[in-house]
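J.: sharing a sequence plus its predicted fold:
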Amino acid sequence: MSLQQQLTAGIQACVKKIYSADVPENLVQIQQTKKEFEGDLTLVVFPLLRVSKKNPEQTAQEIGAYLSDNEPLVTGYNVIKGFLNLVVDEKYYLQFLMDYASKPGFGYSPVTPDTELYMVEYSSPNTNKPLHLGHIRNNLLGWSVCEIIKASGKKVVKTNIVNDRGIHICKSMLAWQKWGNQATPESTGKKGDHLVGDFYVKFDLEYKKEIAALIAQGKSEEEAAKTAPLILEAQEMLRKWESGDLEVRSLWQTMNEWVYEGFDVTYQRLGIDFDKIYYESETYAVGRSTVLGGLDRGVFYQREDKSVWVDLTGEGLDEKILLRSDGTSVYMTQDIGTAQLRQQDYDFDKMIYVVGNEQNYHFKVLSLILDRLNYSWAKNLFHLSYGMVELPEGKMKSREGTVVDADDLMDEMIGTAREMANELGKLEGIPSEEQEAIFQMIGLGALKYFILKVDPTKNMTFNPKESIDFNGNTGPFIQYTHARIQSILRKAAETGAQATFTPAANTVITAKEKSLLKLIHEFPTVVQEAAKNLSPALVANYAFELAKEYNQFYHDHIIVQETDVSTRAFRLALTQTCGQVIKTAMGLLGIEVPERM
RNA sequence: GGUUCCGUAGCUCAGUUGGAUAGAGCAUCUGCCUUCUAAGCAGAGGGUCACAGGUUCGAAUCCUGUCGGAAUCACCA
């Protein structure tokens, strides 16, 4: 039973005793005591006034007095207005440190065989252009959410749907055919995803020219966009692809291979992985037959031009196309098929889609459609809708060349880490290979933390002109604290100092030591909260809080040089545990921590 | 125009189911390295929580309206 639960039970018993009333758990509101007051946990007494029938101060006084007499965990109390501040026995925290927090696996809840299975989709790239900062947020978020859910005691399958077919892919292919001169990643020395992306841009450029020419001939913009030769050719290519045309399929395969090789490099650097990858090219047909089945059963309807639609006007939405008039599939078709396959393959309890909030409408529609098709599991789909990464000028636009490329950004961050370390002269005497590994750790740590510390649901701003910070509330700050801790532990090991400590009746600890203990004590709760809210930001902010607290402790306590053996052992145990918790928390964010920096 | 989301310090962000005097970091200014890593620590200034009402013991948080911003409503994905 947790501290809060014990205390809640104690308070319920107390209220029963002195006011002869049963109060439900949700009226016992316990929160962390604010820093400026004395105490550790605070009971908000307002909700209890209706049973005490006394004023707030008096009620708090009575409960406080009862608890300090009858509840062993409570060693003192004070009352400020309607708030009862309780002092928790230091021994409790000390015992917690030695029995739980300092042990391996602290913070994780065990996964049992009958626990729920979560399937989490993230990344979901299009194979027509390289990854940018927006994709980085998706990948980091998805990966971290998976790790956090796992740590909270659930089973997780990380999955990805690769959008490897469709009109957008045909555009790159067509441009390559027309203007590529047989270019390959080998012949150009370009990463495959970047090379293919260049042709996607080229298509758009030429397409725009055609549109402009048609408009000059007197056509409307809409008409021009629909009848430009290039788009007609791309559409023809898509039809050929769906009918299995050998030449088109072969080019498609080749160019997708290039992109995958490029993506693999990027994924690896980001530290992202998957348990099961689905390809749209393998799932869209399932979706299509489901849609046609639904059409037979009257769930959907067909227009004169043969296109298939679902009518959601009854739900306050619009009509949505499911199959084009030429029979080819759209995005929604594929998502229907993918969901079905996943349910068949894994029989998940929950399916989480990590997809940007620009697709809120899409997922609302997807759920409704699966519901109409009578799939009982449709209600288990959840869209983790995260905010856009914006530049100070607004949204990133590939057409205007304002996208922040994922590979470039990582290079830049690692470069900055290198410069800064060299300037500070911190890594002299360390083999250069190890140095490079540390630069990478720090550069990526700065980037990952910068993104993950923000509440996923909120839009965030990234200013490319101001490089990401390495001081303050940042990844490197936390990494630095870890390195510092390891340095202390190395020193301690040299002197043979012990970190094993047994709390005694006369053990006295400082205020800072106690607040550190309290913070460590909260870690498992933070992991649970983060899993419940699908928010790595909670873990990130916790890690910062802990590192900050540790640095303050470090600043005004001697550790290795402490002469009192018991005090030294306690501080070493505290230090060791802080290092461990920082490492675990950062690990949940996909951020490695160095032994020195 | 319909729907949805957002608005907290100069900037980037925290702020649990409504709880105490709204917090961090960056930037600015001031101190602290002969002592375990100064990528650190301590301190100062900086706020009409967009605005106006309402709900109640109590509102940044819930409700309504106004203003400002974003997304979406495609035979794009």
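T.: Done, it's in. Residues are numbered from 1 along each chain as shown, chains lettered A, B, ... in the order given.
J.: which parts of the stretch 101-250 of chain A sit against RNA strand B?
T.: A:126, A:163, A:166-168 (C-beta under 7 Å from any atom of the strand). In this view, the C-beta of every residue, glycine as well, is placed from N, C-alpha and C.
J.: including neighbour count, secondary structure and pLDDT, could the residues you listed go into CSV?
T.: Formatted as CSV, those follow (neighbours: other C-beta atoms under 10 Å; DSSP: H, G, I helix; E, B strand; the rest coil; pLDDT from 0 to 100):
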residue, neighbour count, secondary structure, pLDDT
A:126, 19, strand, 93
A:163, 19, strand, 94
A:166, 21, coil, 91
A:167, 16, helix, 92
A:168, 18, helix, 92
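J.: just those residues now: which is nearest residue A:2?
T.: Checking these against residue A:2 with C-beta to C-beta, the nearest one is residue A:163 at 44.1 Å.
J.: you'd agree the closest one is up against residue A:278?
T.: No - under the criterion of C-beta atoms under 8 Å, residue A:163 makes no contact with residue A:278, lying 10.2 Å away.
J.: for the stretch 201-350 of chain A, what spans make up the strands?
T.: Using DSSP state E, counting those that start in this stretch, the strands of the stretch 201-350 of chain A run over residues A:276-279, A:301-302, A:308-311, A:319-323, A:350-356.
J.: in a markdown table, list those along with mean pLDDT.
T.: Formatted as a markdown table, these follow (pLDDT from 0 to 100):
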| stretch | mean pLDDT |
| --- | --- |
| strand A:276-279 | 97 |
| strand A:301-302 | 94 |
| strand A:308-311 | 95 |
| strand A:319-323 | 94 |
| strand A:350-356 | 96 |
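J.: among those, which is the most enclosed?
T.: Most buried of the strands of the stretch 201-350 of chain A, by mean neighbour count (mean count of other C-beta atoms under 10 Å): strand A:350-356, with a mean of 21.
J.: so what strands line up beside that strand?
T.: strand A:117-121 (parallel), strand A:381-386 (parallel) (DSSP bridges).
J.: now residue A:43. Nearest residue, chain neighbours left out?
T.: Using C-beta to C-beta, 6 or more residues apart in numbering and skipping the chain neighbours, the partner closest in space to residue A:43 is residue A:84 (4.3 Å).
J.: count of neighbours near that neighbour?
T.: Neighbour count for residue A:84, taken as other C-beta atoms under 10 Å: 28.
J.: and residue A:57, by the same measure?
T.: 15.
J.: what's the answer for residue A:248, then?
T.: 21.
J.: how close does it sit to RNA strand B?
T.: Per C-beta to the nearest atom of the strand, to the nearest Å, residue A:248 is found 15 Å from RNA strand B.
J.: and what of residue A:429?
T.: 12 Å.
J.: wasn't that residue part of a strand?
T.: No - checked against DSSP: H, G, I helix; E, B strand; the rest coil, residue A:429 lies outside a strand; its state is coil.
J.: can you report phi and psi for it?
T.: phi 90, psi 0 (degrees, to the nearest 10).
J.: contacts only, for it.
T.: Residues near residue A:429 by C-beta atoms under 8 Å, 6 or more residues apart in numbering: none.
J.: on that earlier part again, next, format the residues of the stretch 101-250 of chain A next to RNA strand B as TSV and append distance to residue A:207.
T.: TSV is the format used below for these (distance: C-beta to C-beta, whole Å):
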residue	distance to residue A:207
A:126	17
A:163	20
A:166	16
A:167	12
A:168	12
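J.: and for the closest residue to RNA strand B within chain A, the neighbour number?
T.: When scored by C-beta to the nearest atom of the strand, chain A has residue A:472 as its residue closest to RNA strand B, at 2.1 Å. Residue A:472: 9 surrounding residues under other C-beta under 10 Å.
J.: again, but for residue A:478
T.: Residue A:478 has 27 nearby residues by other C-beta under 10 Å.
J.: with residue A:590 instead?
T.: Counted with other C-beta under 10 Å, residue A:590 comes out at 22.
J.: how about it: what's its closest non-neighbour residue?
T.: residue A:271 (5.1 Å).
J.: would you mind confirming that the one you found makes contact with residue A:144?
T.: No - the pair residue A:271 / residue A:144 is not scored as a contact, 10.2 Å apart, by C-beta under 8 Å.
J.: name the residue in the two with the higher neighbour count.
T.: residue A:144 (29 against 14).
J.: what pLDDT does that one get?
T.: Residue-level confidence at residue A:144 comes out at 98, pLDDT.
J.: partners of the lowest-mean-pLDDT helix or strand in chain A in the sheet?
T.: For chain A, counting by mean pLDDT, DSSP states H and E, strand A:394-395 ranks last in confidence among helices and strands (a mean of 84). Taking DSSP bridges as the criterion, strand A:394-395 forms sheet pairs with strand A:389-391 (antiparallel).
J.: hmm, back to that, so which of the strands paired with strand A:350-356 is the most packed in?
T.: strand A:117-121 (a mean of 23).
J.: tell me the angle of the helix or strand following that strand relative to strand A:350-356?
T.: Past strand A:117-121, further along toward the C-terminus, the next helix or strand under DSSP states H and E is helix A:133-151. Calculated by axes from the mean of the first three to the mean of the last three C-alpha atoms, to 10 degrees, helix A:133-151 forms an angle of 160 degrees with strand A:350-356.
J.: in helix A:133-151, what's buried?
T.: A:133-151 (16 or more other C-beta atoms under 10 Å).
J.: which of the strands of the stretch 201-350 of chain A sits closest to residue A:225?
T.: strand A:319-323 (17.4 Å).
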